[in-house]
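K.L.:
Here you go, sequence then predicted model.
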Amino acid sequence: MTWSFNEQVQPAATSVDLRLGATALRQPMIRIDIWADVICPHCWISEIRLYQAIRKLGIESLVDIRARCWRMGLAEIGGQGRGESHVEIAFAMMHRRLETLMAESKDLGLRVEAARLGQVATLDAHRLLRLGVHQERTVSLLARLHRAYFLEGLDIADRPTLKRLAVRQGYAPREVDRMLQNEAGAAEVAADEAYARRLGATDVPFIVLDGYHVLRGVQTKMQCVTALARILTGNARAVARSRRALGSTERPLSGGERYQPMRESV
C-alpha cells in the first residue's frame, strides 16, 4: 500500500536504536488490523503512535495495514433497553476519553477543537471506510476523518462533507454517491464488529499485529515499537529456521500463509 504519514504523524525524538534494518529486509509482510471508531480519541492516539513506531523502525514497506469498523456505544446498549441511543452513548464515551487526547495534543502536534465537537452518527463514515477496502484507502480516510472531526470540528455525519473528504482521499465520486444513496456497506460494518467480538474485543482501539499479537486500549509509541520489534525478531528467527530445514535461500513463508488467522473477513 502507499504510505503517507505527513498528514497526522509528528515524529518525536527517541533514544531507542533497535538496528533492525538488515533483519527487516528479510521479513514477510506484517499485517496490521486496526479496529477503530472515527470519533474515538484513544483510537486516533494509538494510530499515530503505531505509525510513528513503524517509521522509527523503518518498516513502512513491510506492513499491510487495514482499518476496520467499530461503533462505540453499540455494545453498551445491546439488549439492555436503555433510553439512550448508541449515538448518545458514543458521544459520552468520546468526551470521557477526550481528556487523554487533550493532554497529549501538544506532544502530538495537534490543536483539538474540543468546543466544536458535536454528537454525530458514524454509520455512513464507517460505510465509506468499507467501500475503500479494495482500493487500499481505508487508512488514509480514517486518518482524515479523525482530523476533520477533532481538529476542524466538521460534521462527519453530513453526506456532502463525507463525499468531499473521501474524494480527496482518492475515492471515485460516483462510487461515493452510489453508496450514500443506499445502505451499501452496512452489513460489512456489522461484520467487522462481529469479527472483532469473536477475537475477544470489547472496546476500541483494538489492534491485531500479524494475526496474533493484540494491542488493547490506548497505546504509547514505545509499546508499539516493542510489539513490532518482537514480531520482526520472531519472524526473522522463523524464516531462518525454515531456510535451514529446507536447505534453501528462498524465503519459505508467504504473507498469505502468515495472515491465515485473520482471513475470516476481508
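P.N.:
On my side now, so go ahead. Residues are numbered from 1 along each chain as shown.
K.L.:
what are the ranges of the helices in the stretch 151-266 of the chain?
P.N.:
In the stretch 151-266 of the chain, the helices defined using DSSP state H, counting those that start in this stretch lie at 159-168, 173-180, 186-198, 221-246, 255-258.
K.L.:
Using JSON lines, please lay out those helices together with distance to Leu209.
P.N.:
(Glycine included, C-beta is placed from N, CA and C.) Below are the helices of the stretch 151-266 of the chain laid out as JSON lines (distance: least, Cβ to Cβ, whole Å):
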{"stretch": "helix 159-168", "distance to Leu209": "27"}
{"stretch": "helix 173-180", "distance to Leu209": "30"}
{"stretch": "helix 186-198", "distance to Leu209": "15"}
{"stretch": "helix 221-246", "distance to Leu209": "6"}
{"stretch": "helix 255-258", "distance to Leu209": "11"}
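K.L.:
What sits closest to Ala196 if chain neighbours are left out?
P.N.:
Trp35 (4.8 Å; Cβ to Cβ, 6 or more residues apart in numbering).
K.L.:
CA atoms only for stretch 154-165 - export them in PDB, please.
P.N.:
Extracted C-alpha coordinates of stretch 154-165, given in PDB (Å, rounded to 0.1, in the frame of the first residue of the first chain):
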ATOM      1  CA  LEU A 154     -16.600  19.200  10.800                       C
ATOM      2  CA  ASP A 155     -19.900  17.300  10.900                       C
ATOM      3  CA  ILE A 156     -18.800  13.900   9.600                       C
ATOM      4  CA  ALA A 157     -22.400  12.700   9.500                       C
ATOM      5  CA  ASP A 158     -23.100  15.200   6.800                       C
ATOM      6  CA  ARG A 159     -23.100  13.400   3.500                       C
ATOM      7  CA  PRO A 160     -21.700  16.200   1.300                       C
ATOM      8  CA  THR A 161     -18.900  16.600   3.800                       C
ATOM      9  CA  LEU A 162     -18.200  12.900   3.800                       C
ATOM     10  CA  LYS A 163     -18.100  12.900   0.000                       C
ATOM     11  CA  ARG A 164     -15.700  15.800  -0.200                       C
ATOM     12  CA  LEU A 165     -13.300  14.100   2.400                       C
END
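K.L.:
So what touches that stretch?
P.N.:
Under the contact criterion Cβ atoms under 8 Å, 6 or more residues apart in numbering, stretch 154-165 has outside partners 38-39, 118, 120-122, 124-125, 128, 141, 144-145, 148-149, 173, 176-177, 180.
K.L.:
Buried by neighbour count, from these: which ones?
P.N.:
Neighbour-count burial (16 or more other Cβ atoms under 10 Å) is assigned, among those, to 38-39, 120, 122, 124-125, 128, 141, 144-145, 148-149, 176, 180.
K.L.:
any chance of the residues you listed in CSV, plus distance to Tyr51, secondary structure and pLDDT?
P.N.:
Listed next are these as CSV, based on distance: Cβ to Cβ, whole Å; DSSP: H, G, I helix; E, B strand; the rest coil; pLDDT from 0 to 100:
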residue, distance to Tyr51, secondary structure, pLDDT
Val38, 17, coil, 97
Ile39, 19, coil, 97
Val120, 24, coil, 95
Thr122, 22, coil, 96
Asp124, 25, helix, 96
Ala125, 20, helix, 96
Leu128, 21, helix, 94
Leu141, 15, helix, 95
Arg144, 14, helix, 96
Leu145, 15, helix, 97
Ala148, 18, helix, 96
Tyr149, 18, helix, 97
Val176, 25, helix, 93
Leu180, 28, helix, 91
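K.L.:
for the spatially most central residue of the chain, helix, strand, or coil?
P.N.:
For the chain, the residue nearest the mean C-alpha position is Ile34 (3.4 Å; Cα atoms, centre = their mean). Under the three-state scheme (DSSP: H, G, I helix; E, B strand; the rest coil), Ile34 adopts strand.
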